[in-house]
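Asker: here are the coordinates; sequence isn't available:
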């Protein structure tokens, strides 16, 4: 469906009752409002639907709250979870006064990044392919009351968990996982095979090209793989991906989280993001240099490495992100590159076909706003290409085994959200090219991130009680 008329005809034919208009806030959370089908005329598709922009953190003030949701017909799918027949549409946010895309709309920023790629002359399409990990819990409890701050998770896979009592007379659950010992087990140790299959099938049902699923290394940790797509479409797919994971988990009586590090001592969840640029149906990353890459690809990597710490504020945007980005847990903290090497932040996957040449950026996580993080990585890569930024020599050692003295010689990602905020404040000129990002948008975004950092840094932690209560 590529036009308002085709969507309207489909809704009549399919007896759709409601239309869910969806958009994304600065933090990456999917938002929505539901319209009766009778209101979604061709005029509504052309002029949009008004909503209160002041209800979204980091957007409009109450005295200038009106914003417009403009549906994209290309994104129409029937929602698989709602009881009433409902069509969903991703929307771009517009300013009703200027009639232009709203400055802080993440989806509009992604569209501008795609436009800038073409205008720069570098390429015509940027493909992104995220590999996203998440945790599934049978139960989760947490509280942030000043006198009662805690969290507790439960999973059938956790050794010793009270959640492991499956039925009377079977309480030992000999199939539990050791810490960091769960990658690729079959059932019954893999307790979520059918659940993941349903998630993957549901994604296919709503138009996402799917690949695979499997258990991950940590207990209760999982991965579902979807195919690459052009930047904007891939960001839309990631929003649908998370929506499906959360809802299928809920229907199974479980809880899903994309927090990078919900369990101390276990591996965290990342969103390894494969990237490549094409022009005139040719892969620009294929060549005769290192690992079969082109100079264009190496310069792209140079841009990612140069701006890596600034990118962290957008690709790793939570305080929890930096509890994953520590050495020793297969965390890609070193801003370096190499073929096949999973200990570097930019890995070159081994592929025989030149069409598959790409770079895998390994430090992002799925708490990132996909529109902003994908756009920022593309802008860093374009900056590397245009300025011929040399990424240096490939690092083919296992960087996890380096001594502290050796490791200090390699640039690394940020250690805290505060460091990432400061890095983006100092290094964001590459994002402003082509008006893809604006200073106002970056400032507004960083204000939200500082609020999160301040909330955490001022709150007492249970470990502080353990360390200092009896001092």
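Answerer: Thanks, I have the structure now. Quick caveat, the model's predicted, so the values are computed rather than measured.
Asker: going by C-alpha atoms from here, please, whenever you check contacts or count neighbours.
Answerer: OK.
Asker: can you list the domains in the protein?
Answerer: 4-102, 125-468 (automatic domain parsing).
Asker: now the spatially most central residue of the chain. Nearest residue, chain neighbours left out?
Answerer: Central residue of the chain (Cα atoms, centre = their mean): residue 366, 3.2 Å from the mean position. Closest residue in space to residue 366, ignoring its immediate chain neighbours: residue 271 at 5.4 Å, by Cα to Cα, 6 or more residues apart in numbering.
Asker: now swap in residue 76 and tell me
Answerer: Once flanking residues are discounted, residue 76 sits nearest to residue 89: 4.8 Å by Cα to Cα, 6+ apart.
Asker: for residue 252, same thing?
Answerer: Here the residue nearest residue 252, using Cα to Cα, 6+ apart, is residue 195, at 7.6 Å.
Asker: my read: the one you found touches residue 248, true?
Answerer: Yes: in this structure, residue 195 is within contact of residue 248 by Cα atoms under 8 Å, at 7.4 Å.
Asker: returning to that earlier point: and among the domains of the chain, the most buried is which?
Answerer: Compared across the domains of the chain, domain 125-468 shows the largest average neighbour count, a mean of 19 (mean count of other Cα atoms under 10 Å).
Asker: if we can go back for a sec, doesn't the residue nearest to residue 252 fall inside a helix?
Answerer: Yes: the assignment for residue 195 is a helix, going by DSSP: H, G, I helix; E, B strand; the rest coil.
Asker: how close does it sit to residue 3?
Answerer: Separation of residue 195 from residue 3 (Cα to Cα, to the nearest Å): 35 Å.
Asker: which stretch of helix or strand covers residue 111?
Answerer: Assigned by DSSP states H and E, residue 111 falls within helix 106-120.
Asker: an error on my part: the question was meant for residue 198.
Answerer: Assigned by DSSP H and E, residue 198 belongs to helix 193-205.
Asker: can you tell me, leaving aside adjacent residues, what's nearest to residue 149?
Answerer: Residue 149 sits nearest to residue 143 (Cα to Cα, 6+ apart), 5.1 Å away.
Asker: just confirm the one you found contacts residue 152, I think it does.
Answerer: No: Residue 143 is beyond contact range of residue 152, at 9.4 Å (criterion: Cα under 8 Å).
Asker: which helix or strand contains the residue nearest to residue 149?
Answerer: Applying DSSP H and E, one finds residue 143 within strand 139-145.
Asker: quick one, the longest strand seen in the chain and helix 106-120 angle?
Answerer: Looking across the chain with DSSP state E, the single longest strand is strand 125-137. Counting by axes from the mean of the first three to the mean of the last three Cα atoms, to 10 degrees, strand 125-137 lies at 150 degrees to helix 106-120.
Asker: which helix is the longest one in the chain?
Answerer: Looking across the chain with DSSP state H, the single longest helix is helix 231-251.
Asker: which residues sit against that helix?
Answerer: 30, 81, 90, 107, 110-111, 114, 125-129, 136, 195, 198-199, 202-203, 208, 228, 255-257, 370-371, 374-375 (Cα atoms under 8 Å, 6 or more residues apart in numbering).
Asker: show me the helices in the stretch 301-450 of the chain, by range?
Answerer: For the stretch 301-450 of the chain, the helices defined by DSSP state H, counting those that start in this stretch occupy 308-315, 321-324, 370-386, 404-407, 417-426, 429-432, 439-457.
Asker: quick check: mean pLDDT of the fifth one?
Answerer: The average of the pLDDT scores along helix 417-426 is 98.
Asker: what do you get for the second one?
Answerer: In this model, helix 321-324 carries a mean pLDDT of 97.
Asker: helices or strands up against that helix?
Answerer: Counting contacts by 3 or more Cα pairs under 8 Å, 6 or more residues apart in numbering; DSSP states H and E, helix 321-324 packs against no other helix or strand.
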